[in-house]
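Q: just to be clear, the model below is a prediction. Sequence and coordinates:
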Amino acid sequence: MRYQSTRGNSPQQSFLEILLGGLAPDGGLYLPVEYPQVSPAQLDSWRSLTYADLAYEVLSLYCDDIPEEDLRALLRKTYTEQVYCNGRKADNAKDISPLHWLGEEGGTRLGLLSLSNGPTLAFKDMAMQLLGNLFEYALKRSGQKLNILGATSGDTGSAAEYAMRGKEGVNVFMLSPRGKMSAFQSAQMYSLQDPNIFNLAVAGVFDDCQDIVKAVSNDHVFKVKYRIGTVNSINWGRVVAQVVYYFQGYLLATQSSSEKVSFTVPSGNFGNICAGHIARMMGLPIAHLVAATNENDVLNEFFSTGVYRARKSAETLHTSSPSMDISKASNFERFVFDLVGKDGAQTAAMFKQVDTAGGFDISQELIFQEMGQYGFQSGRSTHQNRLDTIRNVDQQYNIMIDTHTADGVKVARDYLEPGIPMIVLETALPIKFEETIEIALGRPAECPEAFKDIKSKPQRVENIDADVNQVKTFLATHLD
Ligand SMILES: Cc1ncc(COP(=O)(O)O)c(C=O)c1O
Ligand SMILES: N[C@@H](CCOP(=O)(O)O)C(=O)O
């Protein structure tokens, strides 16, 4: 499989060639030149597979420069009960991403796909653990070292650091928005003392952190000299690993490939739902993909009006679903590339307009009228909706959900269609946002044993301005 940039001005490359670099040289994001197709019969033949073997079927369509036996071994090493039973009872863990039906609502079944059973209690572990093993594999083959520069709003950071700690030849430099994550999220990252992990608390919001990552990646001389890679969903490896659980969720929810399901996805950087879009483009029978935003509702605005207006840092609100406090969703560019018929020049022009004029408006264009074919719907959830939904799901179904998943359930309920099961992606465990859970339910969230004393551990973090040059200087002084 060859990969092309969404900006149309980079050479096509193979999976292993793009894995360590992340952003394409022209500033775009990589996508496969075509989406491999999965037939209904093929889909049905995957019903009895383990998660690891299902992942093999999906990923082997994309990573054809990794020998079959190596890829299968990497996936079986990654998707184990030992890695993915955190915070859940072990009887469900063999499914890796179990599906829990909440109940019947609006003439259909409403369910939660559990994706937060991994080491850091958020869905990021589903792809990040694999990325860690893929990096190790690729670096061993090439004899290279890798310095990861990442941006987090709370969950990617810890998932990446737990996946990369102790990995030979890998350093992680993680930018996080100072004071904007939950105490639990900060403690998960900042308490790590491993010499290959560096936490930088940026005076800004997540978008500032992501802009710095992109600016450093776009300085090709610096990038090559310091061997900079990325673990954000900028990296295709992250997105493609997330495609797998849409297949898993679909197979768990249905009896045959003639059935359709819809997914609601709590959305911020648009990586998770972009993986759903790709699964749908591959032929997975998804009726709708519902993007659920919090008060930072750029994506909801776009899907409802055709106007994309990225907010400035100062306009980005600090909410009680803080991991979705994002106003410049990077993966949105991948969808736009498909929307404009894989026209790299047009995509580049549209995102140049985002930089110069703050956004674009396609409300009067044919592509907006035809956008229905991609199955997107969207909605917005507020702090009060979040509290109400956490309470209501707890009372009605005796299940405690986190604030982001609550945004998902709130919006999903607005889009229930009789006869089409609705699966909400559960993106984190409640303990990560325990302050809000306490407000909503008046009792604490359950905390897995491994994290009981996390907030009292000593923390190691450096403060830094939202300034590319300061970050480059930090990297240069910590690398040879
Ligand atoms: C808990 C949680 N939910 C939802 C999201 C949004 O996912 P995405 O950024 O892939 O849209 C994130 C961050 O990415 C998250 O950490
Ligand atoms: N919500 C994320 C933000 C980064 O998203 P990514 O999927 O691009 O890594 C976080 O929790 O850090």
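A: Arrived safely, thanks for sending. Residues are numbered from 1 along each chain as shown. Ligands and ions are numbered 1, 2, ... in the order given.
Q: excluding chain neighbours, what is closest to Asn199?
A: Among residues not flanking Asn199 along the chain, Val461 sits closest, at 4.3 Å (C-beta to C-beta, 6 or more residues apart in numbering). Bear in mind the C-beta positions are built from the backbone N, C-alpha and C, glycine included.
Q: how many neighbours does the one you found have?
A: 17 (other C-beta atoms under 10 Å).
Q: isn't it up against Ile197?
A: No. Under the criterion of C-beta atoms under 8 Å, Val461 is not in contact with Ile197, lying 10.3 Å apart.
Q: what distance do you get for the residue nearest to Asn199 to ligand 2?
A: Distance, Val461 to ligand 2, using C-beta to the nearest ligand atom, to the nearest Å: 15 Å.
Q: for Gly154, same thing?
A: Distance from Gly154 to ligand 2, by C-beta to the nearest ligand atom: 4 Å.
Q: what's the neighbour count on that residue?
A: Neighbour tally, Gly154, other C-beta under 10 Å: 30.
Q: my guess is it contacts Ser323. True?
A: Yes. Gly154 is within contact range of Ser323, at 4.4 Å (criterion: C-beta under 8 Å).
Q: pull up the overlap in contacts between those two.
A: 181, 185 (C-beta atoms under 8 Å, 6 or more residues apart in numbering).
Q: the strand or helix carrying Asn171 near ligand 1 at all?
A: According to DSSP states H and E, Asn171 maps onto strand 170-177. No. Residues of strand 170-177 are not located near ligand 1 by C-beta under 6 Å from any ligand atom, the shortest gap being 12.1 Å.
Q: can you show me the CA trace of the following helix or strand past that strand as PDB?
A: Scanning forward in sequence from strand 170-177 by DSSP H and E, the next helix or strand is helix 183-190. Presented in PDB, the C-alpha positions along helix 183-190 are these (Å, rounded to 0.1, in the frame of the first residue of the first chain):
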ATOM      1  CA  ALA A 183      -5.400  16.300  38.500                       C
ATOM      2  CA  PHE A 184      -5.400  12.600  37.800                       C
ATOM      3  CA  GLN A 185      -4.300  13.000  34.100                       C
ATOM      4  CA  SER A 186      -1.500  15.400  35.100                       C
ATOM      5  CA  ALA A 187      -0.300  13.000  37.800                       C
ATOM      6  CA  GLN A 188      -0.300  10.000  35.400                       C
ATOM      7  CA  MET A 189       2.100  11.800  33.200                       C
ATOM      8  CA  TYR A 190       4.100  14.000  35.500                       C
END
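Q: name the residues that touch helix 183-190?
A: So helix 183-190 is contacted by 120, 152, 154-155, 157-158, 161, 174, 176, 199, 322-323, 431-435, 451, 454-455, 457, 459-461 (C-beta under 8 Å, 6+ apart).
Q: just the buried subset of these, please.
A: Those of the contacts of helix 183-190 that meet the buried threshold are 120, 152, 154-155, 157-158, 161, 174, 176, 199, 322-323, 431-434, 451, 454, 461, by 16 or more other C-beta atoms under 10 Å.
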